[in-house]
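> Pasting the sequence and the predicted model now:
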Amino acid sequence: MSSDKRNKSTPGESAVRKPAVRQPGASRPAAPHTTAPTAAEKSPVGKTSAGKKAAVNETPEKPAAAKKAVAKKAVTKKATAKKAVAKKTAAAAGQAPARTTATKKTAAKKTAAKQAPAKQPPARKPESRVAMVRRARRINRELAELYPYAHPELDFTNPFELLVATVLSAQTTDLRVNQTTPRLFAVCPTPEDMAAMDPERLEELIRPTGFFRAKAKSLLGLSAALRDRFGGEVPGRLEDLVTLPGVGRKTANVVLGNAFGVPGITVDTHFGRLARRFGWTTAEDAEKVEADVAGIFPKSEWTMLSHRVVFHGRRVCHSRKPACGACAIAPLCPAYGEGETDPEKAKKLLKYELGGQPGQRLKPPADYPGQPAPPMAPPAAAS
């Protein structure tokens, strides 16, 4: 290749690459002022570190700024989250005492409600003996108007049948007794017939009334006593009746009052319950109840008073849920409010003729306004 071609270059390159030619006699140009190289720059290791630093310094500034911005945003977000958490914690801490106080108040109210005695009906004014007697006799008159047809709810045609039916009525209903006695009296209509009966046969006849073995023993004993001691007739004195097996004051008063016309107070569960509710007595013993009530009413009223009170107890003033809202003597009753006071709901609790249902007697008196009770269904035929 020719020398012309080797020396050929671009206009810019000659100025850069062509070395300056010093003319003869010309002085050397002064070197520019520079600082002395450091030991690090002199050593190869120093040159390497310096190169690395230069490489780092030569990194574009824009990515570094972006990283700083991202880091700053992350710090800001963390700070914001911390502030939010701090606010929630502070709010919860501020509300905690209030909630705790409210909870304590609610718990205190519940405890007080549990410890507080049950709400009682307004107390009645103390009643004198005279006032109580007047109120009791007025109740009797009101019951007489409500139940002018009150009667013994056992079917009978003579004193012996009434005595037997009353003994059988223990721990069962009068209706069940009335459904049982027709077959019984068809087989043994007199004390002599009953006393001669086979015990097992008698037990079978009175089985529907319950406790049939004990009742059969009483019936056989009283029938034999009537045959042997009273000529086969039921005595008309309380002292004699209570000597018969299975006969107490209640049974004796039922027989005396309804078969002989001798006044007597019959204290069964219904009568005792209502006498206490009416405030006539506080006693639980039947004889004590009888004595207390006998001191309030004239003797002539005792038998019918017993029927009226028992009628009311079976139809209105029930043991568990009295129909107070449908009771004609509610204004006179100290126990008003123990049962249902809503009139419509109370009407649904009425029983027997007041509730539109049959009575307990298969052969009720002619003036009875309700329906006769149905006879016992015949036993199912053996398959």
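Nice, thanks for sending it over.
> List the contacts of Leu168.
Contacts for Leu168 (Cβ atoms under 8 Å, 6 or more residues apart in numbering) come out as 177, 180-181, 206, 209, 215, 219. Placement of C-beta: from N, CA and C, glycine included.
> again, only this time at 6 Å
Residues near Leu168 by Cβ atoms under 6 Å, 6 or more residues apart in numbering: 177, 209, 215.
> Please tell me the pLDDT value assigned to the last one.
Translated: Lys215. Per-residue confidence at Lys215 stands at 97 (pLDDT).
> Next, format the contacts of Leu168 as CSV and append neighbour count and distance to Pro334.
Output for the contacts of Leu168, formatted as CSV (neighbours: other Cβ atoms under 10 Å; distance: Cβ to Cβ, whole Å):
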residue, neighbour count, distance to Pro334
Val177, 24, 33
Thr209, 22, 36
Lys215, 23, 37
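> which one among those gets closest to Val167?
Among the contacts of Leu168, Lys215 lies closest to Val167 (Cβ to Cβ), at 6.5 Å.
> Counting by contacts, list what the helix or strand where the closest one lies packs against.
Per DSSP states H and E: Lys215 is located in helix 212-229. Helix 212-229 sits against helix 191-195, helix 199-206, with contacts defined as 3 or more Cβ pairs under 6 Å, 6 or more residues apart in numbering; DSSP states H and E.
> Pick the most deeply packed of these.
helix 191-195 (a mean of 18; mean count of other Cβ atoms under 10 Å).
> Distance to Gly246 for the contacts of Leu168 - can I get that in a markdown table?
Shown next, in a markdown table, are those (distance: Cβ to Cβ, whole Å):
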| residue | distance to Gly246 |
| --- | --- |
| Val177 | 14 |
| Thr209 | 13 |
| Lys215 | 7 |
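> measure the nearest residue to His318 once chain neighbours are set aside to Arg320 for me?
In space, His318 comes closest to Leu349 once its chain neighbours are excluded; the distance is 6.8 Å by Cβ to Cβ, 6 or more residues apart in numbering. Separation of Leu349 from Arg320 (Cβ to Cβ, to the nearest Å): 10 Å.
> quick one, which of the two is more surrounded?
Set Leu349 next to Arg320 and count neighbours by other Cβ atoms under 10 Å: Leu349 wins out with 20 against 7.
> For the more buried one, grab phi and psi.
phi -90, psi -10 (degrees, to the nearest 10).
> correct me, but it touches Cys324?
No - counting by Cβ atoms under 6 Å, Cys324 is not a contact partner of Leu349; they are 9.3 Å apart.
> Just give the nearest non-adjacent residue to Glu204, would you?
What sits nearest to Glu204 in space, not counting adjacent residues and going by Cβ to Cβ, 6+ apart, is Phe212, at 8.0 Å.
> So what's the residue count around that neighbour?
Number of residues near Phe212 (other Cβ under 10 Å) recorded here: 18.
> Number the chain from 5, please
In the new count, where the first residue is 5, that last one comes out as Phe216.
> is it true that it touches Leu206?
No - counting by Cβ under 6 Å, Phe216 sits too far from Leu206 to count as a contact (8.4 Å).
> Give me the distance between the two termini of stretch 293-305.
This stretch, stretch 293-305, spans 16 Å end to end (Cα to Cα, to the nearest Å).
> Residues contacting that stretch, please?
By Cβ under 6 Å, 6+ apart, stretch 293-305 touches 137, 140, 267, 269, 271, 276, 279, 284-285, 287, 309.
> Inside strands: which ones of these?
Here DSSP state E is the test, and those give no hits in strands at all.
> and which of those residues is nearest Gly261?
Pro267 (6.2 Å).
> contacting residues around the closest one?
Contacts of Pro267 by Cβ under 6 Å, 6+ apart are 303, 306-307.
> Distance of it relative to Pro302?
Distance, Pro267 to Pro302, using Cβ to Cβ: 9 Å.
> what's the answer for Tyr340, then?
Distance, Tyr340 to Pro302, by Cβ to Cβ: 26 Å.
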